[in-house]
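*Asks:* sequence and computational prediction follow.
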Amino acid sequence: LLVLLLASCVVKAPEAPVTRDVRFASVETYPGAGVAAPGEVDGLFTTPPGDGPFPVVIMLHGCAGLYETHAEWAELMASWGYASLRVDSFGSRGIDEICTNILQPVPRAADVNGAIEYLRTRPEADAARLVVMGWSHGAGVVLQIDAEPGSLRLDLKPAVLGAIAVYPYCSRSSQPYRAPLLVLIGEKDDWTPAAMCEAMVEYLPPASAAVELVVYPGATHSYDCRACNGTYWGDHRLVYDAAAHEDSVLRVKRFLD
């Protein structure tokens, strides 16, 4: 009886999210418009425990490629009940980084087109409920994707219900956004200036979907990178900011919910 009583008190450990290495075709918005054929791209597809289907966050890394920050965000998404697809636009093409050559052409919008088409084949994914989230260079791609007319293929646009841009290089032009947009950036960002995002929001046309801009006082570029604490890529100051990071987590969860 004592053994049975003890066994009944054992608390089952929660199931862990599952991450799979995946590969899919990158798909141009306008066939033949790119400098080179987009080819295939690798990714990391993370799902919460269970069968789904789960809404999915398509994640686009910055100019340094995928690293621990994106893995941490993927785990958070899974704990909230969202799948995520981390798109590796650089590793798939033999690119280490483009921080030292930020204008190097990479078909990243084509990667998002391909990611959406791929997610439609996955039973774990609710491919009609997607959000695109990017950091730095990837955040700039997010702005292009969410803008009208934008860089996403026309028939794929309805699946993207929202967009999250973390320290993006904001557009100088006044352009409407199709889906609600959350922009998170540091006041002391010396790489992608917050002032440009403030101007972008100030001159949003009336037809635009809602844009929420959050500027974190004192925060630099890559403020959610726990390993960052110094000057990188020439003269850019990147320092982890715990308060900004924690607030970003709360705002991203609220936005997704």
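*Replies:* That came in fine, so what should we check first?
*Asks:* please identify the buried residues of whichever helix or strand residue 73 is part of?
*Replies:* Residue 73 is located in helix 68-79, with elements delineated by DSSP states H and E. Neighbour counts over helix 68-79 (16 or more other C-beta atoms under 10 Å) mark 69-71, 73-74, 77-78 as buried. In this view, the C-beta of every residue, glycine as well, is placed from N, C-alpha and C.
*Asks:* for stretch 199-210, same thing?
*Replies:* 200-201, 204, 208.
*Asks:* tell me the contacts of the closest residue to residue 205 other than its chain neighbours?
*Replies:* In space, and not counting its chain neighbours, residue 205 is closest to residue 176: 4.9 Å by C-beta to C-beta, 6 or more residues apart in numbering. Shown in contact with residue 176 (C-beta atoms under 8 Å, 6 or more residues apart in numbering): 147-148, 204-205, 207-209.
*Asks:* cool, and residue 239?
*Replies:* Residue 239 sits next to 219-220, 223, 228-230 when contact means C-beta under 8 Å, 6+ apart.
*Asks:* can you map out the helices along the chain?
*Replies:* 2-9, 68-79, 108-119, 137-146, 194-202, 242-256 (DSSP state H).
*Asks:* so what does the longest one touch, helix or strand wise?
*Replies:* Translated: helix 242-256. Contacts defined by 3 or more C-beta pairs under 8 Å, 6 or more residues apart in numbering; DSSP states H and E place helix 242-256 against helix 68-79, strand 125-135, strand 160-166, strand 181-186, strand 211-216.
*Asks:* most tightly surrounded among those?
*Replies:* Greatest average neighbour count among these goes to strand 181-186 (a mean of 26), per mean count of other C-beta atoms under 10 Å.
*Asks:* what's the farthest-apart pair in the buried residues of helix 68-79?
*Replies:* Within the buried residues of helix 68-79, 69 and 78 form the most distant pair, 15.4 Å apart (C-beta to C-beta).
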